[in-house]
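Trainee: generate coordinates for the sequence data below:
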Amino acid sequence: MTAHHQFLTSLAEGAGDILMKYFYKTHRIERKPNAGIVTEADKAAENYLIKKIFRKYPNSSIITEESGEYEGRDGLTWVLDPLDGTTNYAHGFPWFCVSIGLYENDKPVAGMIWAPFWKEQFFAELGKGAKLNGKRIQVSKTARLQDALLGTGFYYMKGSDLKREMGIFTKMNESALGVRRPGSAALDLAYVACGRYDGFWEKKLSSWDVAAGFLLVTEAGGKISGYDGKPTTIFDGQVIASNTKLHPSLVRVIRR
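Mentor: Residues are numbered from 1 along each chain as shown. Prediction:
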């Protein structure tokens with residue numbers, strides 16, 4: 001286990017322990033304007049992650065969902081989602097995870113997605129491949145859209161934005177074998193990486209939703225792009241992720 005893998009494991013599992021401690025309790029829920037809800041578990045897990053990172057890397061930058069940004073000066077940036085899938089979590093639906101992406105000078109270094117309920121750890125390190133619970137993973141080999149299982153999400157969209165995305169959903173549902181929308185973009189990307197999904201698309205995502213997942217998909221042999229099929233970053237707010245073979249078909253349906 002590399003140093004990055006070891007530290008990210010301790011981070012993610014520590015935050016996951018906090019989430020599981022609160023999971024079966026009644027939650028204190030706050031609503032965020034146009035961005036869903038936050039629970040006491042989100043905040044507790046985030047505080048744990050920030051303190052643990054600053055204890056080891058005091059000059060790092062951190063981007064995190066609830067607290068915003070901490071600007072450092074050592075070139076390292078930690079992009080954190082302490083609880084991706086909060087609405088699921090608050091309702092006892094166990095599709096949620098901790099997502100941690102590590103970047104150095106704006107380039108991805110490592111990423112981890114930890115699903116504590118299922119005890120599944122997805123980890124990738126640049127140039128070293130992707131793993132699920134220590135075993136190497138790869139994207140699927142599905143070559144035809146009609147045989148594909150896809151994932152998507154709508155990220156609290158309303159009005160015309162939701163109408164456009166529902167139009168894409170309809171086209172994909174007509175073209176693919178099946179489409180799922182369970183409610184955690186980070187886990188959706190992890191599922192593309194390990195071949196459970198053949199592809200995934202979503203708009204209006206934040207950096208912390210995808211920082212770990214982008215690296216997982218590419219290190220597992222998959223492809224990441226924007227809706228136009230061109231390269232995208234974790235800050236661009238949209239993604240198509242695929243096993244590479246299906247990418248042209250996904251872009252074509254979305255742009256049609």
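
Trainee: contacts for the helix or strand encompassing Leu215, please.
Mentor: Here Leu215 is covered by helix 207-219, with elements defined by DSSP states H and E. By Cβ atoms under 8 Å, 6 or more residues apart in numbering, the residues outside helix 207-219 that reach it are 63-65, 79-81, 84, 99-101, 103, 108, 110-113, 122-130, 139, 185-186, 188-190, 192-193, 223-224, 234-235, 239, 241. Using the backbone N, CA and C atoms, a C-beta is placed for each residue, glycine as well.

Trainee: may I see the buried residues of stretch 26-33?
Mentor: Neighbour counts over stretch 26-33 (16 or more other Cβ atoms under 10 Å) mark His27 as buried.

Trainee: give the buried subset of the contacts of helix 207-219 as a PyMOL selection command.
Mentor: In PyMOL, this line selects whichever of these come out buried by 16+ other Cβ under 10 Å:
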select buried, resi 63+64+65+79+80+81+84+99+100+101+103+108+110+111+112+113+122+123+124+125+126+130+139+185+186+188+189+190+192+193+223+224+234+239+241
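
Trainee: just the contacts of helix 207-219: which are in strands?
Mentor: In this view, the contacts of helix 207-219 that belong to strands under DSSP state E are 63-64, 79-81, 84, 99-101, 103, 108, 110-113, 122-125, 130, 223-224, 239, 241.

Trainee: lowest confidence element among the helices and strands of the protein?
Mentor: Sorting the helices and strands of the chain by mean pLDDT, DSSP states H and E puts strand 29-31 at the bottom, at a mean of 81.

Trainee: which of the residues in whatever helix or strand comes next after it are buried?
Mentor: Moving toward the C-terminus from strand 29-31, the next helix or strand (DSSP H and E) is strand 37-39. Residues 38-39 are the ones in strand 37-39 that count as buried (16+ other Cβ under 10 Å).

Trainee: ok, Tyr103 - contacts?
Mentor: 76-79, 109, 211.

Trainee: on that earlier part again, relative to strand 238-242, how tilted is the helix holding Leu215?
Mentor: Relative orientation of helix 207-219 versus strand 238-242 (axes from the mean of the first three to the mean of the last three Cα atoms, to 10 degrees): 30 degrees.
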